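Student: Prediction below, plus the sequence it came from.
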Amino acid sequence: MAIVICDMSVSLDGYVTGPNDSRQNPFGDGAGMLHDWMFADTATDDDRAILQEMLDGLGAVVMGRRSFNKNEGDGGWGDGGPAGRTPCYVVTHNQPTTPYPPVFTFVTDGVASAIEQARYAAGDKAVGLHGATVMQQALPLGLVDQIRVHVIPVLLGAGTPLFGTLASPITLERTQAVITPAATHIGFRVIR
């Protein structure tokens, strides 16, 4: 069965966006560099290898409706989703009335159902969680197998925290640490 991985770029103080994130400003104020390790000319061979491993192993995506509206909806990526043709399950309270590309499935019965559907679609590949809220819902339910963070050397001071609403400690085992000029890439296995 597919494993579930939260794979996110974060500021050193734990934010995945800066303040005032929106459709027009998807990373928020001051946070445009959070993903430079993937795309900028400054990305190293190590950065590119980590990104390629992530993309090669991805079988499905689960994201929240806010992330969808901010990045995907209204033609954000054309006919694809955040990972091209990889199936994407959007956790939402209401089915959209607008038709979207078939890569998107809207799930109204919660994050656990979305992850179950995504695991089935992913086969032997991983399910990637896209967005802090989905991760914050899935982790306490025991639905997250790995956490990979790409820590960017910036302090944002505000925005969307990756771990902002966790109610109890979660024990992790570090599985990877790679330091490049653009990011510190750290992988963890969630201990159950």
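Tutor: Structure received. Remember, predicted model here, so these are calculated numbers, not experimental data.
Student: Any idea how many residues pack against the closest residue to Gln137 other than its chain neighbours?
Tutor: Spatial nearest neighbour of Gln137, chain neighbours left out: Val111 (4.3 Å); criterion: C-beta to C-beta, 6 or more residues apart in numbering. No exception for glycine: its C-beta is placed from N, CA and C like everyone else's. Neighbourhood size, Val111 [other C-beta atoms under 10 Å]: 22.
Student: mind checking how far Val111 is from Ala43?
Tutor: Plainly put, Val111 is 31 Å away from Ala43 if you go by C-beta to C-beta, to the nearest Å.
Student: Then Ala31?
Tutor: Ala31 is 18 Å from Ala43, by C-beta to C-beta.
Student: between those two, who's got more neighbours?
Tutor: Shown here are Ala31 and Ala43; by other C-beta under 10 Å, Ala31 has more neighbours (26 against 18).
Student: list the helices and strands the lowest-mean-pLDDT helix or strand in the chain packs on?
Tutor: Ranking every helix and strand in the chain by mean pLDDT, DSSP states H and E puts helix 65-67 at the bottom, with a mean of 82. Contacts defined by 3 or more C-beta pairs under 8 Å, 6 or more residues apart in numbering; DSSP states H and E place helix 65-67 against helix 132-138.
Student: What segments of this structure are strands?
Tutor: In the chain, the strands defined using DSSP state E lie at 4-11, 15-17, 58-64, 88-91, 104-107, 126-130, 146-152, 160-161, 172-179, 184-190.
Student: contacting residues for the closest residue in space to Gln146 that isn't next to it in sequence?
Tutor: Nearest non-adjacent residue to Gln146, counting by C-beta to C-beta, 6+ apart: Ile5, 4.5 Å away. Neighbour list for Ile5: 126-129, 144-148 [criterion: C-beta atoms under 8 Å, 6 or more residues apart in numbering].
Student: what bridges to Ile5?
Tutor: On the basis of DSSP bridges, Ile5 is bridged to Gly128, Gln146.
Student: separation between it and Ala49?
Tutor: From Ile5 to Ala49 the distance is 16 Å (C-beta to C-beta).
Student: tally of neighbours for Ala183?
Tutor: 26.
Student: And Ser11, by the same measure?
Tutor: For Ser11, using other C-beta under 10 Å, the count is 24.
Student: For it, give the beta-bridge partners.
Tutor: The partner residues for Ser11, given DSSP bridges, come to Ile152.
Student: For it, give me its contacts.
Tutor: 18, 31, 34, 151-152, 154-156, 159.
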